[in-house]
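[1] after the sequence you'll find the predicted model.
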Amino acid sequence: MSRTLAPMPLRDRVTLTCLSLVGAGLLTLPLFGSALLIDKLILLMIYVILAVMWNLLAGYAGLVSVGHQVFVGMAGYIMLRAVEAGAHPFAAMVLGAVLVVLVAWPVSWFVLRLKAAEFAVALWVVAEAVRSVVMVDPLILGETGRSLIAMNALDADLRRTVIYLAAVAAAAGALAISYALLAGRLGGEAQAIRDDEEAATSVGISTLRVKRAIFLVSALGCGVAGALWLASSITYQPRTAFGIQWSVFMLFMVLVGGLGSFLGPVVGALIFFGLQEAFGDFGPWYLAGLGAVAILAALFAPRGIMGAIADLTQSNPLSLTKKLDRN
């Protein structure tokens with residue numbers, strides 16, 4: 001039996017072309033956009049990255065995590081340590097993102113052997129344990145935290161432009177990886193595991209291998225987001241860096257946008273960002289706004305906005321997915 005990848009469907013080509021045009025437009029913004037606009041778009045790109053990574057984990061592999069903030073926080077900590085050791089701040093950004101995988105690898109050997117609820121709780125415990133260890137480091141000064149002084153010493157316009165371009169490139173890369181996994185064998189195996197792990201094992205799928213690959217990719221993406229966040233915010237505080245709010249943000253964006261869909265995380269990130277802009281200055285009303293949107297989504301669009309659109313158009317919510325001819 002042989003399998004050949006079918007030509008990319010028209011809908012996929014149109015979607016990817018539109019995303020490419022949007023990305024190209026975003027890359028030109030530093031030429032005429034204000035500093036405030038660039039800063040806000042950096043934050044939006046960070047949200048897109050986080051949502052796409054969490055969707056890979058939960059939407060495709062069925063691994064619901066409330067502890068992925070450990071990789072956000074660790075990326076910032078590694079970045080601080082690298083700068084302290086003499087690395088250039090931009091090089092430290094790369095190190096902070098990539099070296100997170102070294103943390104994720106041993107963690108995966110433990111947590112991926114646990115069942116769904118145990119997995120979620122165990123990863124949250126790991127995040128809290130790592131936060132406690134980081135706070136003991138004299139460099140961090142406990143709850144006080146530390147500022148990335150070397151990054152702040154760079155020219156403000158140059159710093160902002162480099163971080164922005166890196167954020168746009170990282171968001172585009174996250175979407176590209178998401179599509180590649182969804183269209184490839186690994187994505188198919190991950191979805192099979194999500195639907196029925198025992199059945200997937202019975203047909204020869206190495207469930208631990210597939211889940212570990214998805215887990216490491218999601219950890220890397222969260223590390224990238226964490227490095228970008230610290231580079232843009234400058235100040236590192238363990239309680240914020242390892243805060244569970246990161247996982248809450250990810251969960252909200254993906255569930256509202258559409259769990260297990262390609263564009264769902266992007267839509268969810270845009271909605272979440274818009275709510276922050278609209279209600280962020282209203283204190284408790286901001287949380288009320290998030291809660292209201294979450295309730296409305298659960299009542300009227302239980303599969304998220306992209307799922308609701310798929311129902312209306314009678315199409316597959318996993319619009320970008322592999323299609324194979326079997327002979």
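    Yep, it's here.

[2] look at residue 161 and say how many residues are nearby.
    17 (other CB atoms under 10 Å). Every residue, glycine included, has its C-beta placed from N, CA and C.

[3] which residues touch the closest residue to residue 136 other than its chain neighbours?
    Among residues not flanking residue 136 along the chain, residue 142 sits closest, at 7.8 Å (CB to CB, 6 or more residues apart in numbering). Counting by CB atoms under 8 Å, 6 or more residues apart in numbering, residue 142 touches 135, 136, 238.

[4] list only buried entries from these.
    Buried members of the contacts of residue 142, counted by 16 or more other CB atoms under 10 Å: 135, 238.

[5] tell me the one of the contacts of residue 142 nearest residue 74?
    residue 238 (10.6 Å; CB to CB).

[6] where's the closest one relative to residue 230, distance?
    Going from residue 238 to residue 230 by CB to CB, to the nearest Å gives 12 Å.

[7] could you do residue 163 as well?
    Plainly put, residue 163 is 10 Å away from residue 230 if you go by CB to CB.

[8] who's more crowded, these two?
    Neighbours were counted for residue 163 and for residue 230 using other CB under 10 Å; residue 230 has more, 27 against 23.

[9] tell me the secondary structure for the more buried one?
    helix (DSSP: H, G, I helix; E, B strand; the rest coil).

[10] what distance do you get for it to residue 83?
    Residue 230 is 10 Å from residue 83, by CB to CB.

[11] equivalent analysis for residue 226, please.
    Distance, residue 226 to residue 83, by CB to CB: 14 Å.

[12] between the two, who's got more neighbours?
    In this view residue 226 and residue 83 are compared by other CB under 10 Å, and residue 226 has more residues nearby, 33 against 21.

[13] all helices for the stretch 101-250 of the chain, in order.
    Ranges of helices in the stretch 101-250 of the chain, per DSSP state H, counting those that start in this stretch, are 116-136, 149-152, 156-183, 185-195, 197-202, 207-233, 238-241, 245-257.

[14] list phi and psi for the residue nearest to residue 306 when sequence neighbours are not counted.
    Nearest residue to residue 306 in three dimensions, chain neighbours excluded: residue 258, at 3.1 Å (CB to CB, 6+ apart). Note on residue 258: its backbone torsions stand at phi 140, psi 100 [degrees, to the nearest 10].

[15] and for residue 258, the neighbour number?
    Neighbours around residue 258, by other CB under 10 Å: 28.

[16] what's near enough to touch it?
    264, 265, 267, 268, 303, 304, 305, 306, 307, 317.

[17] and the next helix or strand past the host helix or strand of residue 77?
    Element membership for residue 77, per DSSP states H and E: helix 69-84. Sequence-wise, the next helix or strand downstream of helix 69-84 (DSSP H and E) is helix 89-98.

[18] identify the residues contacting that following helix?
    74-80, 82-83, 87, 148, 150-151, 154, 162, 166, 220, 223-224, 226-228, 230-231.

[19] just the buried residues from the residues you listed, in PyMOL please.
    A single PyMOL command suffices to select whichever of those are buried according to 16+ other CB under 10 Å:
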select buried, resi 74+75+76+77+78+79+80+82+83+87+148+150+151+162+166+220+223+224+226+227+228+230+231
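
[20] now do the buried residues in the one helix or strand residue 278 maps to.
    For residue 278, the host element (DSSP H and E) is helix 264-279. By neighbour count on 16+ other CB under 10 Å, the buried set for helix 264-279 is 264-273, 275-276, 279.

[21] ok so, going back, need the helices of the stretch 101-250 of the chain in TSV with distance to residue 311, can you?
    Below are the helices of the stretch 101-250 of the chain laid out as TSV (distance: least, CB to CB, whole Å):
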stretch	distance to residue 311
helix 116-136	26
helix 149-152	46
helix 156-183	20
helix 185-195	19
helix 197-202	26
helix 207-233	27
helix 238-241	38
helix 245-257	15
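
[22] mind putting those helices into JSON lines with distance to residue 98 and mean pLDDT?
    Shown next, in JSON lines, are those (distance: least, CB to CB, whole Å; pLDDT from 0 to 100):
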{"stretch": "helix 116-136", "distance to residue 98": "17", "mean pLDDT": "91"}
{"stretch": "helix 149-152", "distance to residue 98": "18", "mean pLDDT": "86"}
{"stretch": "helix 156-183", "distance to residue 98": "12", "mean pLDDT": "91"}
{"stretch": "helix 185-195", "distance to residue 98": "20", "mean pLDDT": "83"}
{"stretch": "helix 197-202", "distance to residue 98": "30", "mean pLDDT": "82"}
{"stretch": "helix 207-233", "distance to residue 98": "7", "mean pLDDT": "93"}
{"stretch": "helix 238-241", "distance to residue 98": "18", "mean pLDDT": "92"}
{"stretch": "helix 245-257", "distance to residue 98": "19", "mean pLDDT": "92"}
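
[23] residue 28 is nearest to which of these?
    From these, taking CB to CB, the stretch that ends up closest is helix 156-183, at 10.3 Å.

[24] who's in contact with stretch 107-125?
    Against stretch 107-125 from outside (CB under 8 Å, 6+ apart): 62-68, 70, 126, 208, 211-212, 215-216, 244, 247.

[25] among these, which ones are buried?
    By 16+ other CB under 10 Å, the contacts of stretch 107-125 give 62-68, 70, 126, 211-212, 215-216, 247 as buried.
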